[in-house]
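Peer 1: kindly return the folded structure for what I paste below:
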Amino acid sequence: MSQHHDPGTADAPEGQVSKSGFRPTAVAAVELGVIGQSVGLTVPRASESVQVTGISLDSRSVERGDLYVALPGAARHGADFAATAIESGAAAVLTDDAGARLLAVGSDLAVPVLVVAEPRSVVGRLSRLIYRSQDAELPGPSMFGVTGTNGKTTTTYFTNALLQAMGKKTGLIGTIEILAGGDPIPSLLTTPESTDVHALLALMRERGLDAASMEVSSHAVSFRRVDGVVFDVVGFTNLTQDHLDLHGTMEEYYRTKAELFTAERARAAVVTVDDEWGRRLAAQTELPVTTLATLQPASGPVADSPVPDWTVTDPKPRGLGTDFTLRGRNGAELRVHTGLPGAFNVSNAALALTMVLAGGADPAEVQAALDARDPFTVAVPGRMQLVSTRPAAVVDFAHNTDALARALEAVRSPEPASKVIVVFGATGQRDQGKRPAMGATAARLADVVIVSDDDPHDEDAAAIRSEVLVGATDAKEAERLDCKIMEVFPRDAAIREAVNLAAPEDTILVAGRGHEVWQEVKGVNLALDDRVELRNALTARGFTVLQDDGIES
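Peer 2: The predicted structure follows:
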């Protein structure tokens, strides 16, 4: 490691009041000497006492007293924007050797510059230090993290709702929104950057929150967005094909998820052992682990597998949802209801419940909260979100083969002669291998398959649709399936076509985008909310839609 310094340094203030919605209102300053020591650098005496009160990766979000971290980017290096950061009040800059060379070529800087070989690798650690986000001397909220391919969002909402039902003041960090005991903050990433995560945890501590639930994607682990965070309990939902554009293989995808289940990142684990990946994770994790079985294999118990600590038993339909029992290996039982449709929501509810128990909650207190508040009937925006009942019209985020199959199975009505009509597509610049498989799944499980556009990004939308259609038509021909396959675009037209084809006894599933309100096409964001389009199309045909004041969530 090396260090570059301009001797003309101006100290930042002792404490800085933040204007950011992600940050605590005030942060106690940390001396630059302490920051340097934490990453193995000796800071010159003239700069040791520089006061740092925040940290940012984006020059546009820098506040007075921040450490600006200048990282290499795809097109530009963050060092190119250091002058802007300093104008905004950055007290110091942290960068790599390439960034230091760019800064040296530019102009003399009025702030110290710290240089490390891989600055991304220390951002989480520094964010934790600067914000004191999980400081032993400053007790903060209990942290519940959820990972897996499908079910992360719903499980975190369920966990949050159960904790609230138990009287806890809670926070939430996820795909749809961020809650820190106040108004929602829209979320652009499943997990924000580590600088924002630690600022949020400090904000939650400042606001006196008792617990927080966080979605943790494989991208978050790979891109070090949860570095420095220690979860009290981490939960695993399942693992199915997705994100292979990032990971390459299922093995690498699994290994990335498994990194969360280490002593560096968590204190305890709850692992759903319905699939082989969960069983492997439960056997390999070094954490104290609680196992959960939610789906009984058709062939019976898996040979040589230990008896799960908790098992879902006696599922019975009630309305659109399910009543079930969560039975412990020691004989304990909890009576549970979820109002959301589908066996996968039973799994999500059971995981949320087991995580709260693993966090030390008293089973009797949990049962009282379940009975009094029905927390697992909470509406989750864009996750099996019901827009009308006749026809049943549902918007769901299902955007991979397994999730699409589960959603289609969940919405199938027992009403005679009812049809399932599905509208879906595939995302551009993502795992291309799943496109034909998604088409085949739709052909097997729906009566009318309408292939349209998801978010094409910079790919050709017609080419994406073609790959999905090949999977659907090949499956129909090879398996002699009795379904109708259509290609309709743009997406709003496809939704209108689905409604035009629907009878009152039918079900419409609009899958893939869930809560999203923008569709990205060739770098342009087009306003598009599946829930709004579905409501409008149903209303135009004279169908009654459900009142939902939160549909824009």
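
Peer 1: contacts and neighbour counts: CA atoms only from here.
Peer 2: OK.

Peer 1: nearest spatial neighbour of Leu287, skipping sequence neighbours?
Peer 2: Ala268 (5.4 Å; CA to CA, 6 or more residues apart in numbering).

Peer 1: report pLDDT for the one you found.
Peer 2: pLDDT recorded at Ala268 is 98.

Peer 1: check Asp548 too.
Peer 2: 63.

Peer 1: over to Val105?
Peer 2: For Val105, the model assigns a pLDDT of 81.

Peer 1: next secondary structure element downstream of the host helix or strand of Val93?
Peer 2: Secondary structure assigned from DSSP states H and E places Val93 in strand 92-95. The helix or strand immediately downstream of strand 92-95 is helix 97-105, counting by DSSP H and E.

Peer 1: mind listing what's buried in that following helix?
Peer 2: 97, 99-100, 103 (16 or more other CA atoms under 10 Å).

Peer 1: so what strands line up beside the strand holding Val93?
Peer 2: strand 66-70 (parallel), strand 113-115 (parallel) (DSSP bridges).

Peer 1: report the rounded mean pLDDT for the last one.
Peer 2: Summarised as a single mean, pLDDT over strand 113-115 is 96.

Peer 1: make 525 the first number, not 1, from now on.
Peer 2: Noted, 525 is the first residue going forward, which turns the last one into strand 637-639.

Peer 1: give me the distance between it and the centre of its chain.
Peer 2: Averaging C-alpha positions (CA atoms, centre = their mean, to the nearest Å) puts strand 637-639 33 Å from its chain's average.

Peer 1: for the first helix or strand past it going along the chain, name the packing helices and strands.
Peer 2: Downstream of strand 637-639, the next assigned helix or strand under DSSP H and E is helix 644-655. In terms of contacts (3 or more CA pairs under 8 Å, 6 or more residues apart in numbering; DSSP states H and E), helix 644-655 is packed against helix 556-562, strand 578-580, helix 718-730.

Peer 1: which one of these lies nearest to Ala616?
Peer 2: Proximity to Ala616 (CA to CA) singles out helix 556-562 among the helices and strands packed on helix 644-655, at 8.1 Å.

Peer 1: give me the buried positions along that closest one.
Peer 2: Buried residues in helix 556-562, defined by neighbour count with 16+ other CA under 10 Å: 556-560.

Peer 1: turn these into TSV, columns for pLDDT.
Peer 2: Formatted as TSV, the buried residues of helix 556-562 follow (pLDDT from 0 to 100):
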residue	pLDDT
Leu556	98
Gly557	97
Val558	98
Ile559	98
Gly560	97
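
Peer 1: quick one: closest of the helices and strands packed on helix 644-655 to Arg842.
Peer 2: Nearest to Arg842 among these is helix 718-730; the distance by CA to CA comes to 36.7 Å.

Peer 1: following the closest one, which helix or strand comes up?
Peer 2: Using DSSP H and E, the helix or strand that follows helix 718-730 in sequence is strand 735-739.

Peer 1: can you check which of the helices and strands packed on helix 644-655 gets nearest to Thr608?
Peer 2: Judged by CA to CA, the one of these that comes nearest to Thr608 is strand 578-580, at 12.5 Å.

Peer 1: what's that closest one packed up against?
Peer 2: With contacts defined as 3+ CA pairs under 8 Å, 6+ apart, strand 578-580 has these neighbours: strand 590-594, helix 644-655.

Peer 1: buried deepest among the ones you listed, which one?
Peer 2: Burial of the helices and strands packed on strand 578-580 is given as mean neighbour count (mean count of other CA atoms under 10 Å); strand 590-594 ranks first at a mean of 29.

Peer 1: what's the mean pLDDT across that one?
Peer 2: Averaging pLDDT along strand 590-594 gives 98.

Peer 1: centre of the chain to the very next helix or strand once past that strand, how far?
Peer 2: Once the chain leaves strand 590-594, the next helix or strand it forms, by DSSP H and E, is helix 606-611. Taking CA atoms, centre = their mean, one finds helix 606-611 lying 32 Å from the centre of the chain it belongs to.

Peer 1: show me which positions of helix 606-611 end up buried.
Peer 2: By 16+ other CA under 10 Å, the buried positions in helix 606-611 come out as 606-607, 609-610.

Peer 1: kindly export that helix (C-alpha atoms) in PDB.
Peer 2: Only the C-alpha atoms of helix 606-611 are listed here, as PDB (Å, rounded to 0.1, in the frame of the first residue of the first chain):
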ATOM      1  CA  ALA A 606     -12.600  13.900  -7.000                       C
ATOM      2  CA  ALA A 607     -12.600  17.700  -7.600                       C
ATOM      3  CA  THR A 608     -16.400  17.700  -7.500                       C
ATOM      4  CA  ALA A 609     -16.400  15.600  -4.300                       C
ATOM      5  CA  ILE A 610     -13.900  18.100  -2.700                       C
ATOM      6  CA  GLU A 611     -16.000  21.000  -3.800                       C
END
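
Peer 1: what's that helix packed up against?
Peer 2: strand 590-594.

Peer 1: distance between the strand it packs on and the chain's centre?
Peer 2: 26 Å.

Peer 1: got a list of contacts for it?
Peer 2: Here strand 590-594 makes contact (CA atoms under 8 Å, 6 or more residues apart in numbering) with 576-583, 586, 601-603, 605-606, 609, 613-620, 623, 643, 647.

Peer 1: any chance of a ChimeraX selection covering the buried ones in those?
Peer 2: Buried residues among these (16+ other CA under 10 Å), as a ChimeraX selection:
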select :576,577,578,579,580,581,583,586,601,602,603,605,606,609,613,614,615,616,617,618,619,620,623,643,647
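
Peer 1: mind putting the buried residues of helix 621-629 into a markdown table with distance to Arg1015?
Peer 2: Converted to a markdown table, those look like this (distance: CA to CA, whole Å):
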| residue | distance to Arg1015 |
| --- | --- |
| Asp621 | 47 |
| Gly623 | 43 |
| Ala624 | 47 |
| Leu627 | 47 |
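
Peer 1: between these, which is closest to Pro708?
Peer 2: Relative to Pro708, and with distances defined as CA to CA, the nearest of the buried residues of helix 621-629 is Gly623, at 35.9 Å.
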